[in-house]
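Chemist: predicted model follows, preceded by the sequence.
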Amino acid sequence: MNAIKIENLTKKYKDVTAVDNFNLTIESGELFALLGVNGAGKTTTIKMLSCLAEPTSGDAFLMGKSIRKNTAEVKSLIAVSPQETAVAPGLSVRENLELICGVHGFEKEKRNAKIKELTDMLGLESVINRKAGKLSGGWQRRLSIAMSLISEPKILFLDEPTLGLDVIARSELWDMIRSLKGRVTIILTTHYMEEAEALSDRIAIMKEGKLLVCDTADKIKKIAGTENFEQAFVRIVKGVSQ
Amino acid sequence: MKMATFANRNMKEILRDPLNVCFGLGFPLVLILLLSAIQANVPVPLFEIERLTPGITVFGLSFMTLFSATLISKDRGSSLLQRLYTTPLRPIDFILGYTLPIVPFAIGQSIICYIVAIILGLDITINIFFAVLFIIPVSVLFIALGLLFGSFLTDKQVGGVCGALLTNLCAWLSGTWFDLELVGGAFKRIAYVLPFVHAVETERAVLEGNFFGIFPHIWWMLGYATVALVVAVLLFLRQMKR
């Protein structure tokens, strides 16, 4: 089943076309990476898919629901972990999780069960009563992802989830993302080629708002004629501009 | 419930910032004590406790603008708002969630000012209760200004505009520190076109028990509060869409 079907999606900001006639289909349970250099249109695409920005034209369907006509239904299906860490700094880890449970209207029993489940899953017990603003970047990212998972989303958008993390924190977060594979459809944007290659089922490469290629990491390397994924990315992105 | 959860979070964020408590409660109290000490040594009718206290309670509300604007701009900067926009919270939940938690803070600040004023010699009358009650519409004006500035300024800009400019405008143009009649001319005309002096005159009239004396000041104040609230809501909705 298609989790996401994007049809001729376009976003223009005055004279700039951030996303240009974008078409894509993502299967349910797939871990899909969206790659591109700065300004390629990745974040704008995610913003449109998560109803944070209105498309100029075209549409996308998440589990069959239109991002233009069924925004409330789409919002109930998705969760977003934004590029910058999106936690309430003055609240403890538990209070942050309670906040998201509350805005989704969870009753007390479900709230407590959900917090316990996510605390165990993401190993947050040791920091549960600490203020989020006082945590390291790695812990804040974990909390941010835990907050995204509270609503049991069918589709999870992870925008640069490991940006600025050290090697250990990144590796731990990779394990956590892998553990979600198959249960949730994940759309990941990243600048780290090895991250996209290690985690994703399929990868799309964007440039100047356009889709250049969409396939598995191995096939993209074959298309580019190289054994190294980073080189493949560079060749594909540069090749189009030449 | 969803809005209450969000409002509760905002209340916690404000109360847990020691600077908010120090400035919001401490600064108006220091001013009452300081100006009362001046009054004790060099009697000035303007600094008599029954004229001074309403002015200080209104001036103290300028910190409510600072609190709400800082909170909103920080939420925007940290992407927390972006996360919350993808939840079932509706625009009205955001607006009420940012506005309502500050009203009890404003009332609390006003009550504390009147308690200190009573200790310094203010007669205990039912009018104190009404003066605290009338602080609610005044606080809506200041909170709406916070919502307005927080919707488009960064938290650093908020510090300058609300922390320095607005507090000074409110101090100079409210007739609390010096009699506007003494300055006269354009200064007085500008002061009476702005809402601050009208808010102070409304509070003074209520505290005196001169309920006819609140006119026309209350119309100015309510007019400004309504316009500020409408513009704030429109700006907030605009940045929500962006």
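Modeler: Perfect, I can see it now. Residues are numbered from 1 along each chain as shown, chains lettered A, B, ... in the order given.
Chemist: which residues touch A:Leu163?
Modeler: For A:Leu163, the contact set (Cβ atoms under 8 Å, 6 or more residues apart in numbering or on different chains) comprises A:Gln83, A:Thr190, A:His191. Just so you know, the C-beta spots here come from the backbone N, C-alpha and C atoms, and that holds for glycine as well.
Chemist: residues in contact with the closest residue to chain B within chain A?
Modeler: Of all residues in chain A, the one sitting closest to chain B is A:Gly102 (2.8 Å; Cβ to the nearest Cβ). Counting by Cβ under 8 Å, 6+ apart, A:Gly102 makes contact with A:Arg111, B:Met1, B:Lys2, B:Ala4, B:Thr5, B:Phe6, B:Asn8.
Chemist: the helix or strand harbouring it - what's its average pLDDT?
Modeler: According to DSSP states H and E, A:Gly102 maps onto helix A:93-103. Averaged over helix A:93-103, pLDDT sits at 95.
Chemist: and stretch B:144-155, by the same measure?
Modeler: 91.
Chemist: repeat for stretch B:34-43
Modeler: Stretch B:34-43 comes out at a mean pLDDT of 88.
Chemist: quick revisit: ok, the contacts of A:Leu163 vs B:Gly160, which is closest?
Modeler: A:Gln83 (26.7 Å; Cβ to Cβ).
Chemist: stretch B:76-85 and chain A in contact?
Modeler: Yes - using Cβ under 8 Å from any Cβ of the partner chain, stretch B:76-85 reaches chain A at B:Gly77, B:Ser78, B:Ser79, B:Leu80, B:Gln82, B:Arg83, B:Leu84, B:Tyr85.
Chemist: how about that stretch: buried residues?
Modeler: B:Arg76, B:Ser78, B:Ser79, B:Leu80, B:Leu81, B:Gln82, B:Arg83, B:Leu84, B:Tyr85 (16 or more other Cβ atoms under 10 Å in any protein chain shown).
Chemist: what's the most distant pair in these?
Modeler: For the buried residues of stretch B:76-85, and using Cβ to Cβ, no pair is farther apart than B:Ser78 and B:Tyr85, which are 13.1 Å apart.
Chemist: tell me the mean pLDDT over stretch A:12-26?
Modeler: 93.
Chemist: how far is that stretch from where the chain is centred?
Modeler: 18 Å (Cα atoms, centre = their mean, to the nearest Å).
Chemist: what does it rub up against?
Modeler: So stretch A:12-26 is in contact with A:2-11, A:32, A:39, A:41, A:44-45, A:48, A:55-56, A:58, A:185, A:187, A:202, A:204, A:206, A:208-211, A:214, going by Cβ under 8 Å, 6+ apart.
Chemist: so which of those are in strands?
Modeler: A:2-11, A:32, A:58, A:185, A:187, A:202, A:204, A:206, A:210-211, A:214 (DSSP state E).
Chemist: how about the helices in chain B?
Modeler: Along chain B, counting by DSSP state H, helices occupy B:2-15, B:18-21, B:27-41, B:49-77, B:80-85, B:91-99, B:102-119, B:126-150, B:155-158, B:167-172, B:180-183, B:185-193, B:196-208, B:217-241.
Chemist: nearest to A:Lys75, out of the ones you listed?
Modeler: helix B:80-85 (8.5 Å).
Chemist: which residue comes closest to B:Gly146 once chain neighbours are left out?
Modeler: Spatial nearest neighbour of B:Gly146, excluding adjacent residues (Cβ to Cβ, 6 or more residues apart in numbering or on different chains): B:Ser68 at 2.9 Å.
Chemist: was I right about the one you found contacting B:Ser151?
Modeler: No - B:Ser68 is beyond contact range of B:Ser151, at 10.4 Å (criterion: Cβ atoms under 8 Å).
Chemist: comparing these two, which shows the higher neighbour count?
Modeler: B:Ser68 (29 against 22; other Cβ atoms under 10 Å in any protein chain shown).
Chemist: ChimeraX command for the buried members of the contacts of A:Gly102?
Modeler: With 16+ other Cβ under 10 Å as the criterion, this ChimeraX line picks the buried residues out of the contacts of A:Gly102:
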select /A:111 /B:2,5,6,8
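Chemist: quick check: end-to-end length of stretch A:23-42?
Modeler: Here the two ends of stretch A:23-42 are set 13 Å apart, with distance taken as Cα to Cα, to the nearest Å.
Chemist: to clarify, my last question referred to stretch A:45-63.
Modeler: End residues of stretch A:45-63 are separated by 17 Å (Cα to Cα).
Chemist: can you pull the buried residues of that stretch?
Modeler: For stretch A:45-63, by 16+ other Cβ under 10 Å, it's A:45-53, A:55, A:58, A:60-63.
Chemist: how about the host helix or strand of A:Thr17: buried residues?
Modeler: Assigned by DSSP H and E, A:Thr17 belongs to strand A:16-27. Residues A:Thr17, A:Ala18, A:Val19, A:Asp20, A:Phe22, A:Leu24, A:Ile26 are the ones in strand A:16-27 that count as buried (16+ other Cβ under 10 Å).
Chemist: that strand pairs with which strands?
Modeler: strand A:2-13 (antiparallel) (DSSP bridges).
Chemist: CA atoms only: put the partner strand into PDB for me.
Modeler: Provided in PDB are the C-alpha atoms of strand A:2-13 (Å, rounded to 0.1, in the frame of the first residue of the first chain):
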ATOM      1  CA  ASN A   2       1.200   3.500  -0.800                       C
ATOM      2  CA  ALA A   3       1.900   5.600   2.400                       C
ATOM      3  CA  ILE A   4       2.600   8.700   0.300                       C
ATOM      4  CA  LYS A   5       1.800   9.600  -3.200                       C
ATOM      5  CA  ILE A   6       3.100  12.900  -4.400                       C
ATOM      6  CA  GLU A   7       1.600  14.400  -7.600                       C
ATOM      7  CA  ASN A   8       3.100  17.400  -9.400                       C
ATOM      8  CA  LEU A   9       3.900  19.100  -6.100                       C
ATOM      9  CA  THR A  10       5.200  22.600  -6.500                       C
ATOM     10  CA  LYS A  11       6.000  25.400  -4.100                       C
ATOM     11  CA  LYS A  12       7.000  28.900  -5.200                       C
ATOM     12  CA  TYR A  13       8.200  31.700  -3.000                       C
END
